[in-house]
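Student: okay, predicted coordinates and the sequence, questions at the end:
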Amino acid sequence: MTDSTAAPPLHLEPALFVCSAMRVEPEWIDYNGHLNMAYYNVLFDRSLDQFLAMLGIGADYLRRRNKSTMTAECHVRYLREIHVGDPVRVHMLLLAADDKRLHTFEELRHAEDGFVSATSENMTLHIDMAVRRVAPFPADIAERIQAVVAAQADVPRPDGIGRRIAMPAR
């Protein structure tokens, strides 16, 4: 018998966390014949759910502790088209974390050809769902998060972290 409340194993390798492969679905294609911008966020969000589960703060965490996470800010860059049926994977990097926030960077990569199709940089907040307010992570979760931050500290930083939207300088 397994303990359903046991924390999942942590990804403590000095490498990006690689999420499960997904395929671009036909209904996600827009009139330009490529993935519609809204569905990039669907792919990133599904992958973030895997990453959060690994940290111990996924759907089970909400059921067990009545705490969750919510995205406060997101910056997506669309770099190369992907099309119906393309296999993709998201590679996740936990850049930093404090007592209430996670700063992540995600790359959506073609799962066969390896190119980066899009990136997403996010600020995620820890929420006490009883009051729907930002709250500190419990000590056991904060420890898990900091272990992943430390494990990924020496991972080369992908291009695009910290970018902002602006017109080109003249």
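Tutor: All right, it came through fine. The shown structure was predicted, so the numbers you read here are calculated from the model rather than taken from an experiment. Residues are numbered from 1 along each chain as shown.
Student: list of residues touching stretch 135-154?
Tutor: 7, 10-17, 55-57, 61, 65, 67, 93-97, 99-100, 102, 126-128 (Cβ atoms under 8 Å, 6 or more residues apart in numbering). Heads up, the C-betas are built off the backbone N, CA and C, glycines and all.
Student: from the residues you listed, which land in strands?
Tutor: Using DSSP state E, the members of those that fall in strands are Phe17, Lys67, Leu93, Leu94, Leu95, Ala96, Ala97, Leu102, His126, Ile127, Asp128.
Student: farthest pair in those residues?
Tutor: Maximum pairwise distance among the ones in strands among the contacts of stretch 135-154 (Cβ to Cβ): 26.4 Å, between Leu93 and Asp128.
Student: okay, those two: which has more neighbours?
Tutor: Applying other Cβ atoms under 10 Å to Leu93 and Asp128 shows that Leu93 carries more neighbours, namely 22 against 14.
Student: quick check: closest non-adjacent residue to the more buried one.
Tutor: Counting by Cβ to Cβ, 6 or more residues apart in numbering, Phe105 is the residue found nearest to Leu93 once chain neighbours are left out, at 4.6 Å.
Student: Val155: how many residues sit nearby?
Tutor: Residues within reach of Val155, counting by other Cβ under 10 Å, total 16.
Student: same question, Phe115
Tutor: Phe115 has 12 nearby residues by other Cβ under 10 Å.
Student: which elements pack onto the helix ranked longest in the chain?
Tutor: For the chain, the longest helix by residue count, based on DSSP state H, is helix 37-55. If contacts are counted by 3 or more Cβ pairs under 8 Å, 6 or more residues apart in numbering; DSSP states H and E, helix 37-55 sits against strand 22-23, helix 59-65, strand 67-78, strand 87-97, strand 101-110, strand 116-128, helix 139-151.
Student: out of the ones you listed, nearest to Asn32?
Tutor: Among the helices and strands packed on helix 37-55, the nearest to Asn32 by Cβ to Cβ is strand 67-78 (11.6 Å).
Student: partners of the closest one in the sheet?
Tutor: strand 116-128 (antiparallel) (DSSP bridges).
Student: for the residue nearest to the spatial centre of the chain, what are its contacts?
Tutor: The centroid of the chain falls nearest to Leu48 when counting by Cα atoms, centre = their mean (3.3 Å). Applying Cβ under 8 Å, 6+ apart, one finds that Leu48 lies in contact with Val90, Met92, Thr104, Glu106, Asn122, Thr124.
Student: can you select the buried ones among the contacts of stretch 135-154 for me in PyMOL?
Tutor: In PyMOL syntax, the buried subset of the contacts of stretch 135-154 is picked out as below (16 or more other Cβ atoms under 10 Å):
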select buried, resi 10+11+16+17+55+56+57+61+67+93+94+95+97+102+126+127
